[in-house]
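Visitor: okay, sequence plus prediction incoming.
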Amino acid sequence: MKKLILVQWNVKTGPLNIVQFPPEEEIIPNEILLKIWAKLEMNSDSNFCSMKESKKFYCSLLKIHKIENQPYFIILELDEKDDVRIFEEILENIAENLINNVGKPYFSHVLTETYTTIKHYSDLDEFQIFLRLFEDKSRIDILQILRKGVFSKSKLQDLLEEKFGYANLNLDLLLTPFIRLGMISILNDAGSDISFYLTHDAYACQIPPKKPPKIIEIEEKITQYFSNSKIIDDDLIQDIVKIHQQPGVKELNSLLREDVSNGIDFEIALTIVKNNPAIMEELERFSFIYIHEEKRVFLFSILQFVKFNPSYLHPILKKRYESKEISLEQLINQIEFISK
């Protein structure tokens with residue numbers, strides 16, 4: 001991502017105010033803004049669009065200020081290598097806070113922080129994207145459905161409403177982590193609407209540290225704990241993901257991994273998690289750390305996400321095809337995806 005641009009829009013006269021970060025002299029041309037406006041006007045199904053113009057690549061979200069009833073464009077100028085699909089979710093998340101602070105004395109700070117947030121989001125590693133996927137129950141429910149193989153967009157929306165009570169979900173937004181992780185592929189099938197194909201399934205699990213702590217008591221507890229598989233159930237994963245997203249947990253895990261044998265002082269660990277003892281309690285409750293009686297903290301287990309080929313789909317697809325739930329084209333495409 002190169003630039004964040006915020007445009008206040010007047011339906012009759014066009015752009016009123018344009019601010020951007022970084023604050024460069026060159027401002028986005030009005031002709032580009034008009035083309036973005038026209039593209040959004042023509043697509044009533046979405047308030048998000050993307051376009052290439054004069055060797056530049058843009059995506060934009062249209063948002064209405066709730067109090068002023070004033071439209072705003074939040075525009076990103078992207079690098080050509082950027083996958084535009086990953087930016088809709090983050091723009092939706094930051095839009096309201098950004099436009100609600102327009103005109104406030106600290107707005108320039110908000111603009112800078114928003115740019116940093118978007119930049120960070122676009123640079124998330126695979127582990128962090130998995131956290132975003134499994135933090136959301138609707139995404140977990142989508143994955144449950146896709147574990148039966150290909151579904152058209154309309155059928156997936158219907159099932160989400162029938163089975164879980166979800167109505168008017170923005171599927172494009174919810175599927176962003178699946179796309180980034182290479183878990184689904186999207187095709188326009190002949191005689192049908194868009195279809196989503198499962199290319200990889202995934203699960204969360206706990207694994208032991210590579211080296212055990214020096215304290216025999218803790219080593220024995222780890223051995224006993226991992227005497228059976230530690231795949232995490234769907235009903236627990238949200239709580240576990242939530243604790244791993246708390247301030248300082250990533251840094252604490254990194255420090256504990258550096259010296260698994262000796263652990264670290266409890267007070268140091270507490271400082272890393274912003275002096276929040278509840279975080280330490282939760283990490284211990286879920287067996288990610290062990291707090292020894294001598295007030296030292298040891299790494300007990302590590303959260304890991306595993307992608308795998310959904311070869312289990314073959315008999316499921318056969319039954320779905322025979323019952324005419326999926327077409328021959330969908331059957332062939334799905335088999336090809338899981339055979340690669």
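Guide: Yep, it's here.

Visitor: at the geometric centre of this protein, which residue sits there?
Guide: Nearest to the mean C-alpha position of the chain, by CA atoms, centre = their mean, lies Arg132 at 3.7 Å.

Visitor: show me what the top helix by length along the chain is packed against.
Guide: Taking DSSP state H as the assignment, the helix of the chain that covers the most residues is helix 107-122. Applying 3 or more CB pairs under 8 Å, 6 or more residues apart in numbering; DSSP states H and E, one finds that helix 107-122 contacts strand 3-10, strand 14-21, helix 87-100. No exception for glycine: its C-beta is placed from N, CA and C like everyone else's.

Visitor: from what I can see Leu98 touches Leu111, true?
Guide: Yes. At 7.3 Å, Leu98 counts as touching Leu111 under the criterion of CB atoms under 8 Å.

Visitor: shared neighbours of these two, which are they?
Guide: Common contacts of Leu98 and Leu111, defined by CB atoms under 8 Å, 6 or more residues apart in numbering, comprise Leu6.

Visitor: would you check that Ile291 makes contact with Glu284?
Guide: Yes. With contacts counted by CB under 8 Å, Ile291 reaches Glu284, the gap being 5.6 Å.

Visitor: how near is Val339 to Leu317?
Guide: Not quite, residue 339 is Ser, not Val. 12 Å (CB to CB, to the nearest Å).

Visitor: check Ser195 too.
Guide: 13 Å.

Visitor: shared neighbours, those two?
Guide: By CB under 8 Å, 6+ apart, the residues touching both Ser195 and Leu317 are Val150.

Visitor: ok, now which ones touch Leu6?
Guide: Contacts of Leu6 (CB under 8 Å, 6+ apart): Ile18, Val19, Gln20, Tyr72, Phe73, Ile74, Ile75, Leu98, Ile99, Val102, Leu111.

Visitor: just the CA coordinates for stretch 52-62, please, in PDB.
Guide: What follows is stretch 52-62, C-alpha atoms only, in PDB (Å, rounded to 0.1, in the frame of the first residue of the first chain):
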ATOM      1  CA  LYS A  52      -6.500   0.700 -12.500                       C
ATOM      2  CA  GLU A  53      -5.800   4.100 -14.000                       C
ATOM      3  CA  SER A  54      -2.700   5.500 -15.600                       C
ATOM      4  CA  LYS A  55      -0.500   2.800 -14.200                       C
ATOM      5  CA  LYS A  56      -1.900   3.400 -10.700                       C
ATOM      6  CA  PHE A  57      -4.100   0.900  -8.800                       C
ATOM      7  CA  TYR A  58      -6.800   2.100  -6.400                       C
ATOM      8  CA  CYS A  59      -9.500   0.600  -4.200                       C
ATOM      9  CA  SER A  60     -12.200   2.600  -2.500                       C
ATOM     10  CA  LEU A  61     -14.900   2.200   0.200                       C
ATOM     11  CA  LEU A  62     -17.900   4.500   0.200                       C
END
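
Visitor: tell me the buried residues in that stretch?
Guide: Buried residues in stretch 52-62, counted by 16 or more other CB atoms under 10 Å: Phe57, Tyr58, Cys59, Ser60, Leu61, Leu62.

Visitor: ok, now stretch 104-123?
Guide: Buried, per 16+ other CB under 10 Å, within stretch 104-123: Val110, Leu111, Glu113, Thr114, Tyr115, Thr117, Ile118, Tyr121, Ser122.

Visitor: ok, the last one touching Leu4?
Guide: No. The pair Ser122 and Leu4 fails to qualify as a contact (CB under 8 Å) at a distance of 11.5 Å.

Visitor: for Leu328, what are its contacts?
Guide: Tyr321 are the contacts of Leu328 under CB under 8 Å, 6+ apart.

Visitor: could you do the one 3 residues further on as well?
Guide: Listed by CB under 8 Å, 6+ apart, the contact set of Leu331 reads Val150, Leu317, Arg320, Tyr321.

Visitor: for Ile194, what are phi and psi?
Guide: phi -60, psi 140 (degrees, to the nearest 10).

Visitor: for the closest residue to it other than its chain neighbours, grab the count of nearby residues.
Guide: Spatial nearest neighbour of Ile194, chain neighbours left out: Lys153 (4.5 Å); criterion: CB to CB, 6 or more residues apart in numbering. Lys153 has 16 neighbouring residues, counting by other CB atoms under 10 Å.

Visitor: quick check: Lys153 touching Asp189?
Guide: No. Applying CB under 8 Å as the test, Lys153 and Asp189 come out as separate, 10.3 Å apart.

Visitor: name the element the residue lying closest to Leu299 once chain neighbours are set aside belongs to?
Guide: Of all residues not flanking Leu299 in the chain, Leu256 sits nearest, at 3.9 Å (CB to CB, 6+ apart). Using DSSP states H and E, Leu256 sits within helix 249-258.
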